[in-house]
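Asker: no letters, just coordinates:
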């Protein structure tokens, strides 16, 4: 049996939600505590990036959360169990892991001993940080993007193709169906064969230390819709298509992060005939976890935490068990 163990008492698994309480016990199995000067527990949140660039390894890190509590100091009555409590603040990043970077949380225990090496223990956590769209009511307004392409022909009237894309709001949640309206005015001699609508997630990893700048991006296509009917030369059309966002799509929350940021891009491409380059219109939309309700009532942390982790029936885990990834918790 290890000399030091950590057990969570507030959760049945190492999955917690921002705004919730994290309570547990440090359990020590020492013959005597006379040589123990102190027992301290940290709650640490950290973002880290790393990748290879040629023969050089680019890496950087930032500690955005560092809470400390001392559960035992020399002179106190000896005991075996040392309780601790942390309140995980609101509006902090969610756990995340990718090829180029990650956001991690952990509980760290250090037993400071007089005449021997300190005993240290780390216990990893998976943190959910739901984005509540009720706190962002401005995202419920309609949005539109427009693009134009000039068609050039030798000794001919070039003509133009205008493409406009409209959404009834600029936000979405997993499982939602987006209604995309496409309006195309083709004043050229080129046929528009079809339209392709894509939703992509782009995550940028940036090194922000003073001794250099570098970045990497990770792009994931989340959903796609195809409109097979286009519009001929000198014609106009309005098409409506539906884009379903998968229920299992991972939507991280990078608030307070300096090195990781995300953007969600809705792109609509008009596929042109012949050797013409296609016309593409892009626009940014915002994801969420908690859908907007009329009146904008925001849910509290306990309600959101219960909703996100209600399906978890796992038992208590000790410090050797890795927490589940974020993608399995949502």
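Answerer: Now that the structure is in, tell me what you want to look at. Everything numeric in this text was worked out from a predicted model, so none of it was measured. Residues are numbered from 1 along each chain as shown.
Asker: worst-scoring helix or strand of the chain, pLDDT-wise?
Answerer: In the chain, no helix or strand scores lower on mean pLDDT, DSSP states H and E than helix 301-309, which sits at a mean of 47.
Asker: name the SS class of the nearest residue to residue 293 once chain neighbours are set aside, please.
Answerer: Distances taken as C-beta to C-beta, 6 or more residues apart in numbering put residue 134 closest to residue 293, at 6.3 Å, once the chain neighbours are dropped. The C-beta positions use only the backbone N, C-alpha and C, and glycine is treated the same way. Following DSSP: H, G, I helix; E, B strand; the rest coil, residue 134 is assigned to helix.
Asker: wait, residue 134 sits on residue 292?
Answerer: Yes - with contact defined as C-beta atoms under 8 Å, residue 134 counts as touching residue 292 (5.6 Å).
Asker: more neighbours, these two?
Answerer: With neighbours defined as other C-beta atoms under 10 Å, residue 134 and residue 292 compare such that residue 292 has more, 20 against 17.
Asker: what helix or strand is the more buried one on?
Answerer: Using DSSP states H and E, residue 292 falls within no helix or strand.
Asker: so what pLDDT did it get?
Answerer: pLDDT, residue 292: 94.
Asker: tell me the contacts of it?
Answerer: By C-beta atoms under 8 Å, 6 or more residues apart in numbering, the contact list for residue 292 reads 133-134, 136-137, 139-140, 171.
Asker: could those residues be laid out in CSV, adding distance to residue 239 and pLDDT?
Answerer: Below are these laid out as CSV (distance: C-beta to C-beta, whole Å; pLDDT from 0 to 100):
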residue, distance to residue 239, pLDDT
133, 27, 95
134, 32, 95
136, 29, 93
137, 29, 93
139, 25, 94
140, 24, 94
171, 23, 95
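Asker: buried subset of those residues?
Answerer: The neighbour count (16 or more other C-beta atoms under 10 Å) marks 133-134, 136, 139, 171 as buried among the contacts of residue 292.
Asker: what would these look like in CSV with distance to residue 146?
Answerer: Formatted as CSV, those follow (distance: C-beta to C-beta, whole Å):
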residue, distance to residue 146
133, 26
134, 30
136, 24
139, 20
171, 20
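Asker: give me the distance between the residue nearest to the spatial centre of the chain and residue 223.
Answerer: Central residue of the chain (C-alpha atoms, centre = their mean): residue 252, 0.8 Å from the mean position. Using C-beta to C-beta, to the nearest Å, residue 252 is found at 17 Å from residue 223.
Asker: shaky segments in the stretch 1-150 of the chain?
Answerer: 1, 31-34, 75-78 (pLDDT under 70).
Asker: where do the strands sit along the stretch 101-250 of the chain?
Answerer: Listed in chain order, the strands of the stretch 101-250 of the chain (DSSP state E, counting those that start in this stretch) span residues 101-113, 119-128, 143-150, 160-167, 171-172, 177-186, 192-207, 214-227, 235-244.
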